[in-house]
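Engineer: let me see the structure of the following:
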Amino acid sequence: MPTRSRGPILASALGTCLLLSGGTAAAVPLAAPAQAPAGEAGGTLARVCAYGQMATAGLGPWGPGRPYVPIDNVVHPTMEAFVDSKPAIRPLRTEQFVSRDTAGRAVQIRCKGKSADHVNTVYGAGTASGEGTCAAVNRTTLRTVGASLGPAERASAAFDPAQVVVDADTQTMSGGEWTQEFPSAAVQDGVLHLRAYSLLVEWLDPRWQGLPESFRGVHYCTLIAPGELRRVLLGGLG
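Structural biologist: Down below sits the predicted model:
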């Protein structure tokens, strides 16, 4: 059964929420995930996509003074259940799936959320400050993970967090394309790059008015898991 969590999450709490165990940079498994390690048993990943929704639509701390909109985040136990799910606008609900390696460590986090223009259409103009990027969430994760490294870890790290490049979103055109496997981290000319895949279908875009409502007004993100990023920084890829 999927699990739900409610309530706000602040950007300053991202370190607590995201410093988790992850996995290798291998392809994302589509089968049911392995059991989460004991360190994740308390639900430390349960609000990641709610945070992502706030970031991509400019809600909460990304839109000071804006109306508070509670977010219900549903964490799916299998990729199959996640693929079949759709985010909702009222009440605002995001969908989440955590891909894991064979040791149960998180590798990627996939999020289905709503677009900023759909939020504003339903909740009122100005509720969302505008469409953000999935890359911005990866950038915050990099900043948080980098800040968590001790002096000895920094000295021996395979990659300097300050030199990591957060690539612009790779835009996909369909759900089938967005769910394809891809690595969240890659090395080019000795530089570590973080990648995010995005699917954005804005509610008011005239190109998509003929689609069913459940396919419109969505913003999907595939993000690197923080524990995975930490392992890559310290041990490299491979």
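Engineer: going along the chain, name the strands of the chain.
Structural biologist: Shown for the chain, the strands assigned by DSSP state E span residues 3-5, 72-75, 93-100, 106-114, 165-166, 170-171, 185-188, 191-194, 197-201, 218-224.
Engineer: among those, which is nearest Val48?
Structural biologist: Each of the strands of the chain was scored for nearness to Val48 using C-beta to C-beta, and the closest is strand 106-114 (5.2 Å). Yep, even glycine has a C-beta here, placed from its N, CA and C like the rest.
Engineer: the strands of the chain: which one's closest to Phe82?
Structural biologist: strand 93-100 (3.7 Å).
Engineer: from the rest of the structure, what touches the closest one?
Structural biologist: 23, 28-29, 33-34, 36, 45, 48-50, 52-53, 71-76, 78-79, 81-82, 85-87, 106-114, 225 (C-beta atoms under 8 Å, 6 or more residues apart in numbering).
Engineer: mean pLDDT for the strands of the chain: which is lowest?
Structural biologist: Note on the strands of the chain: lowest mean pLDDT is at strand 3-5, with a mean of 61.
Engineer: mind listing the helices for this protein?
Structural biologist: Secondary structure of the chain, counting by DSSP state H: helices at 14-18, 48-57, 79-84, 116-123, 134-148, 151-156, 175-178, 226-235.
Engineer: returning to that earlier point: how about the strands of the chain in CSV, adding mean neighbour count and distance to Cys134?
Structural biologist: Shown next, in CSV, are the strands of the chain (neighbours: other C-beta atoms under 10 Å; distance: least, C-beta to C-beta, whole Å):
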stretch, mean neighbour count, distance to Cys134
strand 3-5, 13, 21
strand 72-75, 22, 16
strand 93-100, 26, 13
strand 106-114, 26, 8
strand 165-166, 16, 10
strand 170-171, 14, 9
strand 185-188, 15, 14
strand 191-194, 17, 10
strand 197-201, 20, 5
strand 218-224, 26, 4
